[in-house]
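[1] please work out how this folds:
(2 chains)
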Amino acid sequence: MKANKLTPNFEVENIKQTVAFYTENLGFKLVMAVPESQDGIEQTFAENKEYVYAMMQKDNVELMFQRSDTFKNDVVFSKNLPVGATVSFYMDIEGLKELYETLKNRNLQITELKTTWYGMQEFYVKDVNGYILGFAEKTE
Amino acid sequence: MVIFSGLQKKPNNMNIEELRNFCLSLKGAEESMPFNDKKLELL
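    I've put the predicted structure just below:
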């Protein structure tokens, strides 16, 4: 086997709200979205439509979001499980302090900024769906 | 700046990676904003 790529696919209740969170707080861009009709892709959201899937990107990181109803159809192991996961999505970034200063003044669940024994400065924040995002940068 | 809106029919049964590459290849895709109405109520 050759492993090519790992992209988290988050089960979410609302695609537009999730994309708004990642756009406004973390600067991700929408790559593509799939409307409820599931007959094509779009790169912007229409006001009168709902969506079942979105892919977002920032630099080297890509994330996917899938609405709960279609997610549970595709990922059968998730049936009867609540949305959420005991995992942190740990991003190695540049500009950690600036990001922390920006996010800590918003109405978010966010930890303190810590320097770890393994040489990273990091913090954690919950996204709009409760998923735990970790941000880290090598200490100087 | 909105550079692309409306439905892009899934061309030639592309898989998800091909659709991704297609979207990223569109000129100006990196500058696109997801909300073309700017009226979405943010969180």
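[2] can you name the residues in contact with the longest helix along chain A?
    As assigned by DSSP state H, the longest helix anywhere in chain A is helix A:15-26. For helix A:15-26, the external contacting residues (CB atoms under 8 Å, 6 or more residues apart in numbering or on different chains) are A:10, A:12, A:28-30, A:33, A:45, A:50-54, A:56, A:58, A:63, A:65, A:67, A:99, A:102-103, A:106, A:108, A:127-129, A:133, B:33-35, B:40, B:42-43. Heads up, the C-betas are built off the backbone N, CA and C, glycines and all.
[3] list buried residues within those.
    Neighbour counting over the contacts of helix A:15-26 (16 or more other CB atoms under 10 Å in any protein chain shown) leaves A:10, A:12, A:28-30, A:33, A:45, A:51-54, A:56, A:63, A:65, A:67, A:99, A:103, A:127-129, A:133, B:34-35, B:40 as the buried ones.
[4] show me those that map onto helices.
    Among those, the members falling in helices (DSSP H) are A:99, A:103.
[5] mind listing which of the buried ones among the contacts of helix A:15-26 are in strands?
    Among these, the ones falling in strands (DSSP state E) are A:10, A:12, A:29-30, A:33, A:51-54, A:56, A:63, A:65, A:67, A:133.
[6] and stretch A:101-113, C-alpha only, in PDB?
    Only the C-alpha atoms of stretch A:101-113 are listed here, as PDB (Å, rounded to 0.1, in the frame of the first residue of the first chain):
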ATOM      1  CA  GLU A 101      -4.500  36.800  20.000                       C
ATOM      2  CA  THR A 102      -7.200  37.000  17.300                       C
ATOM      3  CA  LEU A 103      -9.200  34.000  18.500                       C
ATOM      4  CA  LYS A 104      -9.000  34.600  22.300                       C
ATOM      5  CA  ASN A 105     -11.000  37.800  21.900                       C
ATOM      6  CA  ARG A 106     -13.800  36.000  20.100                       C
ATOM      7  CA  ASN A 107     -16.600  34.100  21.700                       C
ATOM      8  CA  LEU A 108     -14.900  30.700  21.500                       C
ATOM      9  CA  GLN A 109     -14.000  27.900  23.800                       C
ATOM     10  CA  ILE A 110     -10.200  28.200  23.800                       C
ATOM     11  CA  THR A 111      -7.400  27.100  26.100                       C
ATOM     12  CA  GLU A 112      -4.400  29.000  27.300                       C
ATOM     13  CA  LEU A 113      -1.400  29.300  25.100                       C
END
